[in-house]
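J.: next input, structure requested:
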Amino acid sequence: MSRKAVITGLGATTPTGGDVPTFWQNSLQGVSGARPMEYDWVEKYELPVTFAATAAVPAAEVLKKVETKRMDPSTQFGVIAAREAVADSGLDLDDIDKDRFAVAMATGIGGVWTLLDAWDTLRERGPRRVLPMTVPMLMPNGPAAAVSLDLGARAGSFTPVSACASGTEALGNALELIRSGKADIVVCGGAEAAIHPLPIGAFAAMQALSKRNDDPEHASRPYDIDRDGFVIGEGAGALIIESEEHAKARGARIYAELAGTAVTSDAHHITAPDPDGLGATRALKGALEDAGVAPTDVVHVNAHATSTPVGDIPEYTAMRAAFGDHVENIKVSATKSQTGHLLGASGAIEAVLTVKALYERTAPLTINLENQDPQIPLDVVTSRTDFGTGDLVAVSNSFGFGGHNAVGVFRSY
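T.: Below you'll find the model as predicted:
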């Protein structure tokens, strides 16, 4: 059995918007989500990086207090995004077969806040004061499990954990569940909440973060010759993936088709990408083949583009290898320039933007590109773009530590 998978609902909570309409409008206006961190622990630990792309709307302003107490921040974001996606899809949860409703909610790091808070409690106050819910709150499957419980999804709850490729891998899980006939509906995406002193200190120690403390809004600058690292972000994205027949039978609005995905691995280095982009090239080619589209069909790419000196060039190399000379005709958006890098949630929020780009026939902006690196001669979207009429194909790239590569291909509907 092989069925077409379509996207009927979108949800997101990000550094540039607490819901999809705000997130999308700000992506067209070039709004930066990077800002100084107003936490006492920034000074306490003398962190070398004092800014991040924090969530535009704190989860505590959306969820009930009893919910926030029982969920790690990453899970809180995942539940918020999933609920919005369901509402946007028009699904009546009382009128669907929950045994054919699945979840694929990814993360890169998981419940780091819960884990480290519990460790502090253990050391300072003893084991009797450690919360009984600590283990289920810190597990990486927390967002997927919470979304499954919240929505009553019983066809499986999956948790890809593949660093910064995790959110896009979740799309592959969803596509396989729909194509195989194992589910009719899948809520998929990714969630992350790692703006914590330990991850920030560790990323800074490995020279991965930008240190533009005096100018946070301009710190994330993919493809710019002066890029000096990424800006860590937090939040979640979610998409409702349905079989085409299920969506049509209930009269759903269809944003786009999830046409293909692919996952590969570099087997090169624990943090650095393959400098020749070989694994990323295979992922791009594999996703296009899976979607049944030619490289020349692609009009838009939402690139991984983290703003790291070593990361941006291999991605261009891979795109040149996969698309050939047609890469010069592709409109490329590097949206981490706005949102920062949401790690395991990045592929999810970028998939939301890619789907919106097809549906609205325009692309999100890349900001802070002042002096484009001559080694990356892409057609980067820095001003309003109109895709016009006709069928459109777009691609979203995600690459992560450990050599994880994941690519999603979307087709206008």
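J.: what about this structure, any weak spots by pLDDT?
T.: Scanning the chain with the threshold set as pLDDT under 70 gives 1.
J.: now do the strands in it.
T.: Using DSSP state E, the strands found in the chain span residues 5-13, 35-36, 51-52, 101-106, 157-158, 185-192, 235-243, 256-265, 298-302, 331-333, 379-380, 393-400, 404-412.
J.: mind giving me the domain split of this structure?
T.: 5-249, 262-412 (automatic domain parsing).
J.: can I get the ones you listed in a markdown table including distance to A256?
T.: In this view, the C-beta of every residue, glycine as well, is placed from N, C-alpha and C. Output for the domains of the chain, formatted as a markdown table (distance: least, Cβ to Cβ, whole Å):
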| stretch | distance to A256 |
| --- | --- |
| domain 5-249 | 5 |
| domain 262-412 | 5 |
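J.: export the ones you listed to JSON lines and tack on mean neighbour count and distance to Y255?
T.: Output for the domains of the chain, formatted as JSON lines (neighbours: other Cβ atoms under 10 Å; distance: least, Cβ to Cβ, whole Å):
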{"stretch": "domain 5-249", "mean neighbour count": "21", "distance to Y255": "5"}
{"stretch": "domain 262-412", "mean neighbour count": "22", "distance to Y255": "5"}
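J.: nearest to K64, out of the strands of the chain?
T.: K64 lies closest to strand 5-13 among the strands of the chain, at 15.7 Å (Cβ to Cβ).
J.: quick one, that closest one and strand 256-265 angle?
T.: 80 degrees (axes from the mean of the first three to the mean of the last three Cα atoms, to 10 degrees).
J.: doesn't G111 make contact with S74?
T.: Yes. Look at S74 against G111 with Cβ atoms under 8 Å: they come within range, at 6.0 Å.
J.: shared neighbours of these two, anything?
T.: G142 (Cβ atoms under 8 Å, 6 or more residues apart in numbering).
J.: which residue is the nearest non-sequential neighbour of G260?
T.: With sequence-adjacent residues excluded and distances taken as Cβ to Cβ, 6 or more residues apart in numbering, G260 is closest to A291, at 2.8 Å.
J.: can you pull the contacts of that neighbour?
T.: Going by Cβ under 8 Å, 6+ apart, A291 touches 259-260, 393, 409, 411.
J.: now, the most widely separated pair of the residues you listed?
T.: Top of the distance list for these (Cβ to Cβ): G260 and V393, 9.7 Å.
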